[in-house]
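In: following is a predicted model, sequence given first.
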Amino acid sequence: MGNPPTDGDEDDPDAETDGGLRAYTVRLELVDEPGELLRALAPIADNGGNLLSIHHERGNITPRGHIPVQVDLECPPDRFDDVVEGLRGAGVNVIQAGAEHYGEEVNVVLVGHLVETDLSNTLSRIEDEADAVVLDLSLAAPEGTDGISSARARLAIDSGRSSEALAAIRSIGTDKDLTVVEPLLGGDA
């Protein structure tokens, strides 16, 4: 028999046909305090989402000292933005929400006195001023924390905003006397 197509999506291979529901992944960043996970999940149900799975990475810590959580959910496509706004309205830090948000990743390397110039502040400024999310950070300090060190940061950026984000990161590097090694844009390398 098969499932009948819904809402003209018969040409969309990603469209779900089970009652008009679609699966989404949302990545969150939570403070490690009792009740935070429950607080983050309530807006999903309140806005028509159904939980499929939760991956609570308690052993990992984000650069801001929070815990990354991946939530797989399903909801009608027209309710997904309501789910994301409900999370943000509840004060939950949404790192990634579906393909539309933070559609690009870039890697940059920062070189200089990273620890002395307050690495935490540098990362916070990158997130605020470059409108990026630090997904991963690797620090190498062969001379100890008082010497020159390097950090590779993997950043999530809104689609089409790489140039603006890198310009903001260069400005932060100039302020802190750091060398910014940035990726080549526009190529496959």
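Out: Sure, I can see it.
In: what's the lowest-mean-pLDDT helix or strand in the chain packed up against?
Out: None of the helices or strands of the chain scores lower by mean pLDDT, DSSP states H and E than strand 93-97, at a mean of 81. If you count contacts as 3 or more Cβ pairs under 8 Å, 6 or more residues apart in numbering; DSSP states H and E, strand 93-97 packs onto strand 22-30, helix 80-89, strand 132-140. Just so you know, the C-beta spots here come from the backbone N, C-alpha and C atoms, and that holds for glycine as well.
In: who's in contact with stretch 106-118?
Out: 122, 139, 141, 145-155, 157, 162, 165-166, 169, 173, 176-183 (Cβ atoms under 8 Å, 6 or more residues apart in numbering).
In: what is the rounded mean pLDDT of that stretch?
Out: Here stretch 106-118 scores 92 as its mean pLDDT.
In: so where do the helices sit in the chain?
Out: In the chain, the helices defined using DSSP state H lie at 36-46, 80-89, 119-129, 162-175.
In: of all these, which lies closest to Q96?
Out: Evaluated over the helices of the chain, closeness to Q96 peaks at helix 80-89, with 10.1 Å, by Cβ to Cβ.
In: helices and strands around the closest one, which ones?
Out: Against helix 80-89 (3+ Cβ pairs under 8 Å, 6+ apart) you get strand 22-30, helix 36-46, strand 93-97.
In: got TSV for the helices and strands packed on strand 93-97, with distance to R58 too?
Out: TSV is the format used below for the helices and strands packed on strand 93-97 (distance: least, Cβ to Cβ, whole Å):
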stretch	distance to R58
strand 22-30	10
helix 80-89	19
strand 132-140	17
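In: redo the ones you listed as JSON lines? Include mean neighbour count and mean pLDDT.
Out: Converted to JSON lines, these look like this (neighbours: other Cβ atoms under 10 Å; pLDDT from 0 to 100):
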{"stretch": "strand 22-30", "mean neighbour count": "19", "mean pLDDT": "86"}
{"stretch": "helix 80-89", "mean neighbour count": "18", "mean pLDDT": "91"}
{"stretch": "strand 132-140", "mean neighbour count": "18", "mean pLDDT": "84"}
